[in-house]
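S.K.: mind looking at a prediction? Sequence and model below.
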Amino acid sequence: MSNQILTLEAVYDNSDIMTDYWARDTPYTSWFVCEYPGNAVTEAKMRAALQRLPEWLRRYDWKWQKGENYSMSDHPRGQLRADGQTGILVYAGSSNSGREISFILSTTSESIFLMNNRKEVPVPATLDEFKVLIVRKEEERLANREGALRKVGSNVVDAAVDAGFVRPGRAKPADKTPGELRAIFEGMNESEKVGVAFGMFPARLQGLTHNDVVGLMRLREEVGPKMTFDD
């Protein structure tokens, strides 16, 4: 049986009331705190382990919460939750709006923790260190999203060439400026804007470059309209 350890989790609420999606404690990152003594998870043991955290984390008002014992529970055992606003926002969720980070002290098996984390990574010693970590992770996320958009854009360009929306030739057309792309996007009706998310462009748009396609898809992601099951 895997050893039980105590971890600090930084989580955010990725719930979406419009789609009835519930994900209050979506993981952002986690740290190993210590080995957990015994099997029974009690408030006294958790509060003793809390003293191992850096001072800036101990200053939060930590509330004890009993385990949520149901089949899909993320936290079937008791936990300590940092009560109050952290004011630290991330943009990793399904919404374009910032989601606030909160902290949970909980137990898990060592083998599960090691699937995505390393025990030797220390908990940030200061709030400033944690903010630097957030900035780095957000930059990595944006870079990954940019790469994914470009990959999708390449596939869309290939399909658009086949459909006649983009005409191949030796002389490459110049990329449109951000202002020109926004004007094109704003000139679309709502159905056409939704279609951009799926690589579908109005027949009147011809001569789009690879970067034009990526730019229009990025605009669609940034300014909407928001996707719902009714789109």
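M.R.: Received the coordinates, thanks.
S.K.: can I see the domain layout of the protein?
M.R.: As assigned by automatic domain parsing, the chain contains the domains 4-125, 140-223.
S.K.: could you give the mean pLDDT of the longest one?
M.R.: With pLDDT averaged residue by residue, domain 4-125 scores 84.
S.K.: how long is it end to end?
M.R.: Criterion Cα to Cα, to the nearest Å; first-to-last residue distance in domain 4-125 is 24 Å.
S.K.: before we move on, the earlier item: now for the domains of the chain, which one comes closest to Ile134?
M.R.: domain 4-125 (6.3 Å; Cβ to Cβ). To be clear about C-beta, it is placed using only N, CA and C from the backbone, and glycine gets the same treatment.
S.K.: how distant is that closest one from the center of its chain?
M.R.: Centroid separation between domain 4-125 and its chain, computed with Cα atoms, centre = their mean, to the nearest Å, is 16 Å.
S.K.: how about stretch 208-228?
M.R.: Per Cα atoms, centre = their mean, the centroid offset for stretch 208-228 relative to its chain is 19 Å.
S.K.: list the buried residues of it.
M.R.: 208-210, 212-220 (16 or more other Cβ atoms under 10 Å).
S.K.: out of the domains of the chain, nearest to Val132?
M.R.: domain 4-125 (8.0 Å).
S.K.: ok, of the buried residues of stretch 208-228, which one's closest to Asp128?
M.R.: Arg218 (31.2 Å).
S.K.: and the pLDDT at the closest one?
M.R.: Reported pLDDT for Arg218: 82.
S.K.: what helix or strand is it on?
M.R.: helix 210-223 (DSSP states H and E).
S.K.: again, but for Pro202
M.R.: Using DSSP H and E, no helix or strand contains Pro202.
S.K.: for Phe113, see how far away the closest residue to it other than its chain neighbours is.
M.R.: Spatial nearest neighbour of Pro202, chain neighbours left out: Glu192 (5.3 Å); criterion: Cβ to Cβ, 6 or more residues apart in numbering. Separation of Glu192 from Phe113 (Cβ to Cβ, to the nearest Å): 46 Å.
S.K.: out of those two, which sits in the busier spot?
M.R.: Phe113 (20 against 16; other Cβ atoms under 10 Å).
S.K.: one step back: possible to save the domains of the chain as CSV with distance to Lys131?
M.R.: Converted to CSV, those look like this (distance: least, Cβ to Cβ, whole Å):
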stretch, distance to Lys131
domain 4-125, 7
domain 140-223, 15
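S.K.: closest to Leu133 out of those domains?
M.R.: domain 4-125 (6.0 Å).
S.K.: what's the local residue count around Lys63?
M.R.: Count around Lys63 with other Cβ under 10 Å applied: 12.
S.K.: show me the beta-bridge partners of it.
M.R.: Here Lys63 sits in beta bridges with Arg81, going by DSSP bridges.
S.K.: tell me the contacts of it?
M.R.: Contact partners of Lys63, counting by Cβ atoms under 8 Å, 6 or more residues apart in numbering, are 80-81, 83.
S.K.: in three-state terms, label Ala183 for me.
M.R.: The three-state label for Ala183, taken from DSSP: H, G, I helix; E, B strand; the rest coil, comes out as helix.
S.K.: meant to ask about Leu8, not that
M.R.: strand.
S.K.: next, count neighbours for it.
M.R.: Neighbour tally, Leu8, other Cβ under 10 Å: 23.
S.K.: same check on the one 4 residues further on?
M.R.: Other residues near Tyr12 come to 23 when the count uses other Cβ under 10 Å.
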